[in-house]
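J.: when you get a sec, could you give me coordinates for this:
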Amino acid sequence: MTQTVSTAPPATSETPTTTAPAALTMRPGRWIDGWDAEDTGQWEAQGRAIARRNLNWSIFAEFLGFVVWQLWSIVAVTLPKAGFDLTTGEIFWLISIPSLVGATLRIPYSFLVPKFGGRNWTIISAGLLLAPTIAMVVCVSNPETPFPVLLGAAALAGFGGGNFASSMSNITFFYPQREKGWALGLNAAGGNLGAAVAQFVVPIVITIGAGATLNLPVAGWIWIPFILIAMIGAARYMNNLSNAKADFSGSAAALKEPHLWLLSLLYIGTFGSFIGFASVFPKLIADQFPEFSGIAVGGASVSLAFLGALVGSLARPYGGRLSDRFGGARITMLAFAAMALITVAVLLTLPLGNFWLFLGLFLLLFASAGIGNGSTYRMVPIVFAVRGGGTGDVSTQRKSAAALGLISAIGAYGGFLIPQALNLSFQSTGTYAAAFIGFITAYVLLLVLTWTVYVRSGKLSAHKI
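T.: Residues are numbered from 1 along each chain as shown. Below you'll find the model as predicted:
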C-alpha cells in the first residue's frame, strides 16, 4: 500500500498560481518515491525534516563505525599487560590492519546505498559492527589466543572504516546542493569523533572493578547495546530513496582524471595523517614515556591519547571555513607547512624526554592535519568544476561526487601506511626517527605539489581553488 503526500498548500482564490512542489509517495519498507531535494517547495514542506532525521541517525551509526575502527588502537597497546606475548611488530599490525581493510571497503561501500537503500544499508552496516566487537570479546578473553586469530579479529574492525563511504553517499542524496556541504561536514565530524571517544572510554571501562588486572572483554561488550540501538533507530526512523542511483559511469570518468590521483595524494597526507597518527598515538606515547603515570592502567598512552583524535576532529570544519575565505589550496599548503615544521620539532625534542612538550606538539600536528582534511576535501568539487567548465554541468557534478568517494577511500590508506612506517623504522633502527624524517619529506613534497599545481599562476589558481 502506498501513501501519497502532497506538499503543496491548499488552493484558494487569493493564492497566486505557482508550480506545485512534487508529491512524495511513501511505500512499505520506508521507501520514498518522488524525492527532489532541489524542489524548494518540497524541501521546505517535508524534505528538510526527513533529511535531518536521516542525518541524525546516519551520524550516530557512522560514529559507532569509527569507534569500532579504532578499538584496536587502544586494546593492542594493553594486550601485553593482560598477559599476551606479542612483539612490537605484531602490535603495530594489530593497530594498522583495521585501516587497511577499512580503506579497501570504502570503495564498494560507496555503491551499496543505491543497491540496498540508505535505511536498509545502514541497518546492515551497523549490524556488521557486531562481528568485530564480538570477535574482540572472544579473542582478548584468552591470553593464549594465537596472533593470526587476533589479527583476523582486528581486520574485522575494518567494517567500521567502510561505513564512512556509504554514510556520506547516503546523505548526499538527501540534501540540496546549497546545503550539502554543511550536512556532509556534520556527518564526517560526527564520525571522526568516534575515534576520540573510543580512546577515551576504553581505558576507563577496562579498569573498572578489575583490580590489578585488565578486563579487556568489556572494550567490546560496551558498544554492543549502542550498535543495536543504531540498528533499531535506522529501521524505525530512516528512509530509502528510490531515486538514489549508483553512478558507475561517473566513477569511471573520475578515475581517468589526473587530478583525482593528485588530490588523493594530498588527502593521504592530511586525512591519512590524522587517522594514522590517531591509531598509533597510544603506542607512541607508551614507547616513548613508559614511566609516565596516567589515570588508567597503561599510563599516559591510554588516558590522554584520545586528545589527538579529538583535536583533529574538531579542527576539520575550520579547514573548510578558512578555505571558503582564502581558497582550499592555500590552506592545504599552509597545513602541510605546519605539519612539516611541527614534525621537525617533534624529532628534535624527542631526546629531551618531556612528555608534555611531546603531547603539545602532537596536538598541534593533529590540528594541522584536521584543518588540511577540510581544506583538501573542499578543493575537490572546485577542481572538477574548473576542469569540467562550470559547477552547473551535470556530468561534472557526477564526476565530482564520485571523486569525493574515491578520494576518501584512497586517503584512508594513510591509516595503514603511517603505523607501518613507524614499525619499519623501529625494527630497522630501534627508534622512530627515520619514520619522522620520512614524514617531513612527504609533507614538504606535498606542499610543493599543492603550490605547483593549484596555487602558482595558471588556469586552476585563477579560480581560487
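J.: burial check on residue 456, number of neighbours?
T.: 11 (other Cβ atoms under 10 Å). All C-beta atoms are positioned from the backbone trio N, CA, C, and that covers glycine.
J.: then residue 261?
T.: Neighbours of residue 261 under the rule other Cβ under 10 Å: 12.
J.: again, but for residue 202
T.: Neighbour number of residue 202 under other Cβ under 10 Å is 27.
J.: wait, it touches residue 74, no?
T.: Yes. If you go by Cβ atoms under 8 Å, residue 202 and residue 74 touch, sitting 4.6 Å apart.
J.: okay, buried residues for the helix ranked longest in the chain please.
T.: As assigned by DSSP state H, the longest helix anywhere in the chain is helix 355-388. Residues of helix 355-388 classed as buried: 355, 358-359, 361-386, 388 (neighbour count, 16 or more other Cβ atoms under 10 Å).
J.: for it, what is the distance to the chain centroid?
T.: Its chain's C-alpha centre and that of helix 355-388 lie 13 Å apart, by Cα atoms, centre = their mean, to the nearest Å.
J.: stretch 250-269 too?
T.: Centroid separation for stretch 250-269 versus its chain: 18 Å, with Cα atoms, centre = their mean.
J.: same check on stretch 333-346?
T.: 22 Å.
J.: flag the shaky bits of this structure, pLDDT-wise.
T.: Within the chain, the segments meeting pLDDT under 70 span 1-22, 209-213, 291-302, 388-398, 457-464.
J.: the residue nearest the centre of it and residue 62: what is the separation?
T.: Nearest to the centroid of the C-alpha atoms of the chain, with distances taken as Cα atoms, centre = their mean, sits residue 192, at 5.2 Å. Distance, residue 192 to residue 62, by Cβ to Cβ, to the nearest Å: 9 Å.
J.: and for residue 145?
T.: 30 Å.
J.: and residue 172, by the same measure?
T.: Separation of residue 172 from residue 62 (Cβ to Cβ) stands at 13 Å.
J.: more crowded one of these two?
T.: With neighbours defined as other Cβ under 10 Å, residue 172 and residue 62 compare such that residue 62 has more, 30 against 20.
J.: thought residue 63 was touching residue 194?
T.: Yes. The criterion here is Cβ under 8 Å, and residue 63 meets it with residue 194 at 4.3 Å.
J.: hey, what's in contact with both of these two?
T.: Here residue 63 and residue 194 have no joint contacts, going by Cβ atoms under 8 Å, 6 or more residues apart in numbering.
J.: residue 323 and residue 368: what is the separation?
T.: Residue 323 is 14 Å from residue 368, by Cβ to Cβ.
J.: please apply the same query to residue 174.
T.: Taking Cβ to Cβ, one finds residue 174 at 32 Å from residue 368.
J.: ok, now residue 382?
T.: Distance, residue 382 to residue 368, using Cβ to Cβ: 21 Å.
J.: residue 27 reaches residue 117, doesn't it?
T.: No. Look at residue 27 against residue 117 with Cβ under 8 Å: they stay out of range, at 10.8 Å.
J.: the two: which has the busier surroundings?
T.: It is residue 117, of residue 27 and residue 117, that has more neighbours when counted by other Cβ under 10 Å, with 23 against 13.
J.: contact partners for that one?
T.: 29, 31, 240, 241, 244.
J.: same thing but at 7 Å, please
T.: By Cβ atoms under 7 Å, 6 or more residues apart in numbering, the contact set of residue 117 is 31, 240.
J.: what does residue 72 give?
T.: With contacts defined as Cβ under 7 Å, 6+ apart, residue 72 is in contact with 94, 95, 98, 154, 157.
J.: Throw the residues you listed into TSV and include secondary structure and distance to residue 279, thanks.
T.: As requested, the contacts of residue 72 are exported to TSV (DSSP: H, G, I helix; E, B strand; the rest coil; distance: Cβ to Cβ, whole Å):
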residue	secondary structure	distance to residue 279
94	helix	10
95	helix	5
98	helix	8
154	helix	11
157	coil	10
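J.: those residues: which two are farthest apart?
T.: Spanning the widest gap among the contacts of residue 72 are 95 and 157, at 10.4 Å by Cβ to Cβ.
J.: tell me how many other residues crowd residue 38.
T.: Residue 38 has 12 neighbours, counted by other Cβ under 10 Å.
J.: ok, the closest residue to it other than its chain neighbours - contacts?
T.: With sequence-adjacent residues excluded and distances taken as Cβ to Cβ, 6 or more residues apart in numbering, residue 38 is closest to residue 176, at 5.1 Å. Residue 176 makes contact with 37, 38, 43, according to Cβ under 7 Å, 6+ apart.
J.: look up how far residue 173 lies from the second one.
T.: What it means is residue 38. Taken as Cβ to Cβ, the span from residue 38 to residue 173 is 12 Å.
J.: same question, the last one
T.: The spacing between residue 43 and residue 173, counted by Cβ to Cβ, is 13 Å.
J.: return the backbone torsion pair for the residue nearest to residue 38.
T.: Main-chain dihedrals, residue 176, degrees, to the nearest 10: phi -70, psi 160.
J.: swap in residue 257?
T.: According to degrees, to the nearest 10, residue 257 has phi -90, psi 120.
J.: got a list of what it touches?
T.: Per Cβ under 7 Å, 6+ apart, neighbours of residue 257: 387, 399.
J.: can you tell me which helix or strand the residue lying closest to residue 442 once chain neighbours are set aside belongs to?
T.: Spatial nearest neighbour of residue 442, chain neighbours left out: residue 269 (6.4 Å); criterion: Cβ to Cβ, 6+ apart. Here residue 269, judged by DSSP states H and E, is contained in helix 258-288.
J.: how much does that helix deviate in direction from helix 355-388?
T.: Interaxial angle, helix 258-288 versus helix 355-388 (axes from the mean of the first three to the mean of the last three Cα atoms, to 10 degrees): 170 degrees.
J.: what are the boundaries of the helices in the stretch 201-350 of the chain?
T.: 218-221, 224-237, 248-255, 258-288, 300-303, 306-326, 328-349 (DSSP state H, counting those that start in this stretch).
J.: export those helices as a markdown table, with columns for distance to residue 109.
T.: Shown next, in a markdown table, are the helices of the stretch 201-350 of the chain (distance: least, Cβ to Cβ, whole Å):
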| stretch | distance to residue 109 |
| --- | --- |
| helix 218-221 | 22 |
| helix 224-237 | 15 |
| helix 248-255 | 13 |
| helix 258-288 | 16 |
| helix 300-303 | 30 |
| helix 306-326 | 20 |
| helix 328-349 | 25 |
